[in-house]
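*Asks:* fold the following, please.
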Amino acid sequence: MLRSLLLALALLWSAAFLAADQVPGAAASGAAGPDLPSLQAILDAAEEGTIVKLQPGRYRGPAVISRPLTLDGGGKAIIDGGGKGTVLTIDTDGATVTGLTLTGSGESYNDIDSGIRVLESRYNTVRDNVIEDSLFGIDLQQSSNNIVKRNSITSKDHSLGLRGDAIRLWYSFDNRITDNTVRNSRDLVVWYSGNNILARNSVENGRYGIHFMYAKYNLIEDNSFRNNSVGIFLMYSDDVVIRNNFIFHAHGPAGMGVGMKESSNTEISGNQILYCGTGLYLDVSPFQPDTTNRVWDNTIAYSRIGVLFLNDWHGNVFKENRFRDNIRQVSVAEYAGAADNVWQGNYWDDYAGFDRDRDGRGDTAYEPKVYADRLWMDVPPAAFFLGTPLMSLVDFLERLAPFSQPLLMLRDESPQMHADFTPTAAPREEGPSEGEAGTTTIDPFGLNDPGIGRSTQ
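*Replies:* Residues are numbered from 1 along each chain as shown. The predicted model follows:
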């Protein structure tokens, strides 16, 4: 009874003090001064399980939610951290934070100053919030079974490397990160975290769209990554599914759409990877013995290099992909080919064969060979001339009168003749739906079955 009375008094005081969109004094200048109503006082007065509906206006943070309740800003309440620490911390299970604008976090990278932090907590929902002028956006630390949905996040106005991460998962499992919009932040990171679903998010003008580190059994589906240095990168992360994403203009000297380092048992399917420095980059992947990576039904187009292997490697299956208008379709960053991998039924826009039986497949194999186009890989400064008429002329002369036996890059026995072919249906096991508990692993191609996909037929 006493808590209810205190909460009512706090809300009446804030309602009397706040106008519809502004408060006098400090609110007018955007600073979280002592004359702003304290959000912490309101939270302390709220009983467990109540819905705290804030009146429109600006409130003073930082604040901590320490009991399960719903904090609803109605889209018009602003929580101002005043440049100190994390604006709002969730340190309980079963809380909901919605309809808030959170601004003015601190500047400490060691403390991970954020708009919202979820600390060792479960079953919380963070949705429909705006986070701005915050070093980090939303940080989940050792937190599981949470939903982060429909939030809009921007970082502080620092240079790219000094911005914090928009969404950060650290030792966190079974979370659903969906329908968020990220602009001008640094990375979206998933480290030491598993069985999370990241779907329908839009990430623009950052460094890594999503960066995985030691993270297994994650699903990345239906996201949009535009104008980032890297779209998606996996480091030491196995059993990951990257499906139906749009990756556009991964730029810069090391720009790439999707990259993998020592990662195994992955599915990369149904993605559009366009206008990137490198479409798909593989570094010692797959790494685990007797495992396979499946690259299926993707469009990799308008890029400097379609698929780049750091070294002579094996264990990848490239099936029914579309390679269009790349300066180099496939390359290896040493004098080696990529023929130890499986290439089956892909469309290559530079295939020069025929389809006399009209079955939609080429009558002869697609067998690109390495001639003078090795020059730009062996002598890195020569990459300045990649795609120029000069390099094309040198390559033409080398093909006309080769000085040595050319290197076979790959062999696709049955290339597609047309880019609009219908791909073969692939077996797929769906992951758990949003908000559903459990630890169901995602294994869409039966990658954990070593007997699947070993044949090249």
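*Asks:* stretch 315-333: which residues count as buried?
*Replies:* For stretch 315-333, burial by neighbour count (16 or more other CB atoms under 10 Å) applies to 315-324, 326-332. (Each C-beta comes from the backbone N, C-alpha and C, glycine too.)
*Asks:* hang on, I112 in a strand?
*Replies:* No - looking at I112 with DSSP: H, G, I helix; E, B strand; the rest coil, it is coil, so not inside a strand.
*Asks:* tally up the residues packed near it, please.
*Replies:* By other CB atoms under 10 Å, the residues close to I112 number 19.
*Asks:* from G161, how far off is it?
*Replies:* 16 Å (CB to CB, to the nearest Å).
*Asks:* now the helix or strand containing I300: average pLDDT?
*Replies:* Taking DSSP states H and E as the criterion, I300 maps to strand 299-301. Across strand 299-301, pLDDT averages out at 98.
*Asks:* hmm, who's touching it?
*Replies:* 257, 271-275, 279-280, 306-307, 321-326 (CB atoms under 8 Å, 6 or more residues apart in numbering).
*Asks:* go through stretch 178-193 and flag the buried ones.
*Replies:* 178-193.
*Asks:* now D283, which residues is it bridged with?
*Replies:* Here D283 sits in beta bridges with K261, going by DSSP bridges.
*Asks:* and the host helix or strand of T154, average pLDDT?
*Replies:* Assessed by DSSP H and E, T154 sits inside strand 152-155. The pLDDT scores in strand 152-155 average 96.
*Asks:* the helix or strand just after that strand pairs with which strands?
*Replies:* Later in the chain than strand 152-155, the nearest helix or strand by DSSP H and E is strand 167-170. Under the criterion DSSP bridges, strand 167-170 sits next to strand 136-141 (parallel), strand 187-191 (parallel) in its sheet.
*Asks:* other SSEs contacting the helix or strand following strand 167-170?
*Replies:* Using DSSP H and E, the helix or strand that follows strand 167-170 towards the C-terminus is strand 176-178. Packing contacts for strand 176-178, counted by 3 or more CB pairs under 8 Å, 6 or more residues apart in numbering; DSSP states H and E, involve strand 147-149, strand 197-199.
*Asks:* what's in contact with strand 176-178?
*Replies:* The contact list for strand 176-178, computed with CB under 8 Å, 6+ apart, reads 146-150, 167, 169, 196-201, 434-435.
*Asks:* domain map for this protein?
*Replies:* By the assignment in automatic domain parsing, the chain contains the domains 1-117, 158-368+409-457.
*Asks:* list just the nearest of the buried residues of stretch 178-193 to D93.
*Replies:* Distances from D93 to the buried residues of stretch 178-193, taken as CB to CB, are shortest for S193 (18.2 Å).
*Asks:* who's in contact with the closest one?
*Replies:* With contacts defined as CB under 8 Å, 6+ apart, the neighbours of S193 are 169-173, 175, 215, 218.
*Asks:* and the strands in the stretch 301-450 of the chain?
*Replies:* 305-309, 316-319, 322-324, 328-332, 342-344, 347-348, 369-370, 407-408 (DSSP state E, counting those that start in this stretch).
*Asks:* F233 is nearest to which of the ones you listed?
*Replies:* Per CB to CB, nearest to F233 of the strands of the stretch 301-450 of the chain: strand 305-309, 13.4 Å.
*Asks:* returning to that earlier point: rank the strands of the stretch 301-450 of the chain by pLDDT, which is bottom?
*Replies:* Minimum mean pLDDT among the strands of the stretch 301-450 of the chain: strand 369-370, a mean of 78.
*Asks:* report the distance from that one to the chain centre.
*Replies:* 34 Å (CA atoms, centre = their mean, to the nearest Å).
*Asks:* go on, stretch 49-66?
*Replies:* Put simply, stretch 49-66 sits 31 Å off its chain's centre (CA atoms, centre = their mean).
*Asks:* which of the residues in that stretch are buried?
*Replies:* Across stretch 49-66, burial judged by 16+ other CB under 10 Å covers 50, 52, 54-65.
*Asks:* about what we covered before: make a markdown table from the helices and strands packed on strand 176-178 and add distance to H251 to it.
*Replies:* A markdown table is the format used below for the helices and strands packed on strand 176-178 (distance: least, CB to CB, whole Å):
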| stretch | distance to H251 |
| --- | --- |
| strand 147-149 | 27 |
| strand 197-199 | 22 |
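*Asks:* mean neighbour count added to those strands, as CSV?
*Replies:* Shown next, in CSV, are those (neighbours: other CB atoms under 10 Å):
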stretch, mean neighbour count
strand 147-149, 22
strand 197-199, 23
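*Asks:* let me have the ones you listed in TSV, extended by distance to W343 and mean pLDDT.
*Replies:* Output for the helices and strands packed on strand 176-178, formatted as TSV (distance: least, CB to CB, whole Å; pLDDT from 0 to 100):
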stretch	distance to W343	mean pLDDT
strand 147-149	39	98
strand 197-199	29	98
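*Asks:* any idea which of the ones you listed gets closest to G345?
*Replies:* Once the helices and strands packed on strand 176-178 are compared by CB to CB, strand 197-199 is nearest, at 28.1 Å.
*Asks:* and the very next helix or strand once past the closest one, average pLDDT?
*Replies:* Once the chain leaves strand 197-199, the next helix or strand it forms, by DSSP H and E, is strand 202-204. Mean pLDDT, strand 202-204: 97.
*Asks:* so in that sheet, which strands flank whichever helix or strand comes after strand 202-204, and in what orientation?
*Replies:* As assigned by DSSP H and E, the chain's next helix or strand after strand 202-204 is strand 208-213. Strand 208-213 pairs in its sheet with strand 187-191 (parallel), strand 230-235 (parallel), by DSSP bridges.
*Asks:* distance from strand 208-213 to the middle of the chain?
*Replies:* The answer for strand 208-213 is 6 Å, by CA atoms, centre = their mean.
*Asks:* now swap in stretch 104-116 and tell me
*Replies:* On CA atoms, centre = their mean, the centre of stretch 104-116 falls 22 Å from that of its chain.
*Asks:* stretch 195-208 now?
*Replies:* 4 Å.
*Asks:* helices along this protein, start to end?
*Replies:* For the chain, the helices defined by DSSP state H occupy 2-17, 26-29, 39-45, 375-378, 389-400.
*Asks:* rank the ones you listed by mean pLDDT and give me the bottom one.
*Replies:* Mean pLDDT is lowest for helix 26-29 among the helices of the chain, at a mean of 33.
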